[in-house]
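Asker: structure, please.
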Amino acid sequence: MAFAVPVWLAVQEELLGYADAEADNGASNCFDNFDDEDLFEMLHLTRPCISFITDAVRTRMKAVAFKKPLPSVDAMVMVSLHYYAHGVFNPAVLQKASLSQAASLTTVVSTVSGVIAGMSDVFISFPLTVDARDRTAAKIEEFCGIPRVLGVLSPAHFKIRASPYEKDSFKSFINALGYTSVVSQFICDSEGNILSVEKCCVGSTFEQEMWDSSFKGREVEEDLHGPFWFVGGKGYNLSKHVLTPVSKPENNNEVRFNEAHARIHNVMQITLGSMRRRFKCLMQLGFADEGSLNKKSNIIKACSVLHNIAKKFSVPLPAAPGKIEPLYPGRQHSAPVEVSPEALNARQELIDRNFSVLSTNRDPSGATKEDV
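Answerer: Numbering: from 1, shown residues only. Here you go, the predicted model:
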């Protein structure tokens, strides 16, 4: 994330401090029924990370008045984390959590997802200060050689089931690859930390339309975050802030630029692949209609928050069952889009200045010669 580790640890200490009175009363919780190995296999998170998440959720829930009595926070978090990890409800987990059968499991997950999604104000942090932006851009330049880049911009599609009997609605969920999905807008840094996640739209939505209507897109295009680029794929229009690859490279400079662009853009594929690997619910979000997009959005954002927290706790990924799903190729308008000459010139200047010759201090992977 964009803020420094000491700041993040201070936030952690503050959150845990609020929860100490309730959490440290010596009472056992449902997580104590499992050893560390079983807990990781069940929730894809480590015990310290789970304890922190539970305490943070408990703190947030204390400030909310619910209409009906709810199960214990520990039980709700366990059931929700298990659902995120596997995409299904396990009767054995419900028994261990001592969750009342009368409680609606979907209500429990919906409630916890809303709470964790609300924690994005703390755990999904966009670089807002000059120093934070410069640090983020410096790391990206070190990684791929492209200067003045704040993050990787990409749509993320998540499969859903939609009713084919609602023909217009069903058609709106079909994306360019031919399956039904919802799509959100993600920005990450070179280390795979999620800096921004917005929107939850039907799968047929163009990513450029999402960017144009998003809070972050409007802020960026209005120059509120300074003269920086965001690396985007072919579904985005080249602009003064969105840096797309050269569609038909004509010389070695443009080829080298495209290779660097692909290197940093691939970080998003790895990031989303890691999220789907840890949180298998993202492989299939279940039935959706246009009236349930907010609930799907909360699950996507909750998993994004948990992804960033897991990275801060250095939680390993569970064993991978297969290949990482490739990035969505981009939904493009059939008619040609007029690109600003100013944007074309800016990209060409960047290419000529940084990719005219290979740096004598950097190999194609981004490492210095002394490191090779």
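Asker: and the gap between G151 and G226?
Answerer: Using Cβ to Cβ, to the nearest Å, one obtains 13 Å as the distance from G151 to G226. In short, each C-beta sits where N, CA and C put it, glycine included.
Asker: to clarify, my last question referred to E290.
Answerer: From E290 to G226 the distance is 36 Å (Cβ to Cβ).
Asker: again, but for C188
Answerer: Going from C188 to G226 by Cβ to Cβ gives 19 Å.
Asker: now the host helix or strand of V305, how far from the centre of its chain.
Answerer: Counting by DSSP states H and E, the element that carries V305 is helix 293-312. Remark: helix 293-312 is offset 7 Å from the chain centroid, using Cα atoms, centre = their mean, to the nearest Å.
Asker: what average pLDDT does stretch 162-173 get?
Answerer: In this model, stretch 162-173 has a mean pLDDT of 88.
Asker: in it, what counts as buried?
Answerer: Within stretch 162-173, the residues scored as buried using 16 or more other Cβ atoms under 10 Å are 162, 169-170, 172-173.
Asker: any chance of these in JSON lines, with distance to Q348 too?
Answerer: Converted to JSON lines, the buried residues of stretch 162-173 look like this (distance: Cβ to Cβ, whole Å):
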{"residue": "A162", "distance to Q348": "43"}
{"residue": "S169", "distance to Q348": "44"}
{"residue": "F170", "distance to Q348": "43"}
{"residue": "S172", "distance to Q348": "38"}
{"residue": "F173", "distance to Q348": "39"}
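Asker: what packs against the helix holding V305?
Answerer: If you count contacts as 3 or more Cβ pairs under 8 Å, 6 or more residues apart in numbering; DSSP states H and E, helix 293-312 packs onto helix 47-62, helix 73-86, helix 105-118, helix 120-123, strand 149-159, strand 181-188, strand 194-202, helix 252-278.
Asker: what's the first helix or strand after it?
Answerer: Assigned by DSSP H and E, the successor of helix 293-312 is helix 341-354.
Asker: could you check the angle helix 252-278 makes with that following helix?
Answerer: 100 degrees (axes from the mean of the first three to the mean of the last three Cα atoms, to 10 degrees).
Asker: rewinding a little: of G151 and G226, who's got more company?
Answerer: Neighbour tally, G151 and G226, criterion other Cβ atoms under 10 Å: the higher count belongs to G151, 31 against 14.
Asker: on that earlier part again, kindly indicate which of the buried residues of stretch 162-173 lies nearest R135.
Answerer: F173 (39.2 Å; Cβ to Cβ).
Asker: and the closest one, how far from F215?
Answerer: 24 Å.
Asker: next one: S80
Answerer: From S80 to F215 the distance is 27 Å (Cβ to Cβ).
Asker: those two: which has the busier surroundings?
Answerer: A count of neighbours by other Cβ under 10 Å puts S80 above the other of S80 and F215, at 26 against 11.
Asker: how about the nearest residue to that one, chain neighbours excluded?
Answerer: Excluding its sequence neighbours, the residue lying closest to S80 (Cβ to Cβ, 6 or more residues apart in numbering) is V112, at 3.9 Å.
Asker: about what we covered before: most widely separated two among the buried residues of stretch 162-173?
Answerer: Maximum distance among those (Cβ to Cβ): 8.5 Å, for A162 and S172.
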